[in-house]
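> What shape does this take:
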Amino acid sequence: MQLQLTPADLIGMVKRRFFWCLIPFLILMIIGLFVIKSLPAVYQSTARLIVEDQQISNQFVQSAVTSDAYQRIEAVIARTTARDSLLLLADELNLFREPGQTITQRYRKIDRAVRISVSRIASTRRRNDPSAIIVTISFRSKNPAEAQRVTNRLLSAFLERNIAVRNEIVETTALFLQDEEAKIRRSLDRTLTSIARIKQESPNVLPENGELYRRSLERASAELLRIDNSIESTQQELRILQMQRPIILRADATGFSGDDELRVKRRQLDALQRQYQDNYPDVIALKAEVLALEKDIDPESFRRRAQEELRALQTQINDAERGSSEFDILVERRDRLRADLRDVPAGASTSTLSEVQYETQLATLESRLDILNSQREAAAAQIADFEARLTTLPAVESRLYPLLQEQQQLEADLIRLRSDRSEAELSASIEGQSMGERLTTLEQPTRPDTPVSPNKPQLAILVFGVAGLVALIIGLVPEILFAKVRSRDHLQTLLQNIKVVEVPRFIGAQSRTPQRLLFASLTSVSIVLSMALSFMAYQTFL
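Below is the predicted model of the structure:
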């Protein structure tokens, strides 16, 4: 049977079930307020910190702690609220010690009581201004003094761990840079050792002397060309002299004096010495001609000049490198001059003047040719040596170049690491003096005077809603589930095509008495329950 309820039916339903709803509602409200009143008060002590920037400008000192402050604070919070840290804190402050509870249960209790959060507060002045970082530390306890004491300990532990984290970062950075510097030093030592070994294996073939070798080869080649030209010219003069020998032997009739020849040669020697040094080939050759003439014409002058030449040769021998071609040539000239000095005649020569001139010129040309040949051999040896060095140079350079590049890179890295390590040490000094980024306490933990839990108004509203819903269910659901015919309209709906007439019901005085007694009893009970509810509300929210 399905009946449609009208507003009049609903009003009648409420009238009939009024006390069925009111009395359960009052009872549930009294029970709910009693439960709220019985809940223990929980107090919370709170401390707030703010992250301050480094006291010294980053333009002067760059901090080694470059990580984001928000993430670093999150890491400190994770360390502070770790299981072992909270259990140590509970043991230290004797918290949540209850017989029979496990370590996990104790940890869960202190974990629920401890609250540490970090938040950013954006700047309201400018969009690009950095936001402030606020850290909130709180602890909840039934004892307000305990809440303050534990919050103070949490604050100290948080600050200590923050300092420890920053010092750890700085020390780790310094140790890392120190280890990297030691590695680079070892690599640089190995590279320098390899470079020194290669240079020791090829001391005369070094890449840095390549340009010097090329210029020396050019000079030696030019000197060899000059010597070849001088040899060719001397050989030509020697051939001409040999061809003129018959003519020279008959030159007695010409009347040309040997003294005149000697004076001419001396003047030529003086002029040549003013232009060139004593080791110049033409000077050496002309000096030999003068000595040869003096030996035959003026023995005294020969002895004096020969002694001077011997002293000069001895000085050049002392300055020359022993074993070189130049040293051998100087020694040979000295020995030959000593032999000539021992064989100098006591008086004038018996040879004719033409013969003396011929022999002198012949000896001079042969001596000059010998000197030039010796110089050519020395120049050719130098050219061969420089060519061999330049030929070997690319191979040595290919071995040295990568090592030199590596040396430059390692030295640059070493300089950079030294600079970074100095900055890290300076940053560590700043951290030690508490002049770096730091946490400043904005609010110290105080003893709370009002509980934060339970929230009695909210709980009372919740109890009111639940009690009202339950009361409506108790009072009205039976009326809806077990519907009855309570009006003429309901009966007219059921009895179709039949006219239903409503006849009033007359109730006598005797019939009204039980209803009145029931109404009075329910009203009294409702009044008593309302008074009890008011008293309980007063006790709960007092």
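> Isn't residue 77 up against residue 118?
Yes. Using C-beta atoms under 8 Å, residue 77 is in contact with residue 118, at 6.5 Å. Yep, even glycine has a C-beta here, placed from its N, CA and C like the rest.
> residues bridging contact with those two, i.e. touching both?
Each of residue 135 lies in contact with both residue 77 and residue 118 under the rule C-beta atoms under 8 Å, 6 or more residues apart in numbering.
> ok, and the helix or strand in this protein with the lowest average confidence?
Least confident helix or strand of the chain, by mean pLDDT, DSSP states H and E, is helix 245-249 with a mean of 57.
> Any idea how far the helix or strand following that one is from the middle of the chain?
Going down the chain from helix 245-249, the next helix or strand is helix 258-275, by DSSP states H and E. Relative to the centre of its chain, helix 258-275 is centred 79 Å away, using C-alpha atoms, centre = their mean, to the nearest Å.
> With only the CA atoms kept, save the helix or strand just after helix 258-275 in CSV.
Later in the chain than helix 258-275, the nearest helix or strand by DSSP H and E is helix 281-297. Taking C-alpha atoms only, helix 281-297 is exported to CSV below (Å, rounded to 0.1, in the frame of the first residue of the first chain):
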residue,chain,number,x,y,z
PRO,A,281,139.6,33.1,-42.5
ASP,A,282,141.1,36.0,-44.5
VAL,A,283,142.7,37.4,-41.4
ILE,A,284,144.2,34.0,-40.5
ALA,A,285,145.4,33.4,-44.1
LEU,A,286,147.0,36.9,-44.3
LYS,A,287,148.6,36.6,-40.9
ALA,A,288,150.1,33.3,-42.0
GLU,A,289,151.6,35.1,-45.2
VAL,A,290,153.0,37.9,-43.0
LEU,A,291,154.6,35.4,-40.6
ALA,A,292,156.1,33.4,-43.5
LEU,A,293,157.6,36.6,-45.0
GLU,A,294,159.0,37.7,-41.6
LYS,A,295,160.4,34.3,-41.0
ASP,A,296,162.6,34.6,-44.1
ILE,A,297,163.2,38.4,-44.2
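> which ones are touching residue 37?
Under the criterion of C-beta under 8 Å, 6+ apart, the neighbours of residue 37 are 536, 539, 540.
> out of these, which are buried?
Buried members of the contacts of residue 37, counted by 16 or more other C-beta atoms under 10 Å: 536, 540.
> nearest to residue 154, of the contacts of residue 37?
residue 540 (32.1 Å; C-beta to C-beta).
> can I assume that closest one is in contact with residue 33?
Yes. With contact defined as C-beta under 8 Å, residue 540 and residue 33 form a contacting pair (4.8 Å).
> Any idea how many residues pack against residue 181?
Residue 181: 17 surrounding residues under other C-beta atoms under 10 Å.
> For it, give me its contacts.
By C-beta under 8 Å, 6+ apart, residue 181 lies in contact with 414, 417, 418, 421.
> Residue 186 too?
So residue 186 contacts nothing (C-beta under 8 Å, 6+ apart).
> Same question for the one 5 residues further on.
The contact partners of residue 191, taken as C-beta under 8 Å, 6+ apart, are 403, 406, 407, 410.
> Neighbour count says what about the residues you listed? Which are buried?
403, 406, 407, 410.
> ok, residue 376 touching residue 224?
Yes. Assessed by C-beta under 8 Å, residue 376 is found in contact with residue 224 at 6.5 Å.
> which two in the contacts of residue 191 are spaced the farthest apart?
For these, the farthest-apart pair by C-beta to C-beta is 403 and 410; their separation is 10.2 Å.
> Could you name the helices and strands sitting against the longest helix belonging to the chain?
Secondary structure of the chain per DSSP state H: the longest helix is helix 353-432. In terms of contacts (3 or more C-beta pairs under 8 Å, 6 or more residues apart in numbering; DSSP states H and E), helix 353-432 is packed against helix 144-201, helix 210-243, helix 245-249, helix 258-275, helix 281-297, helix 325-342.
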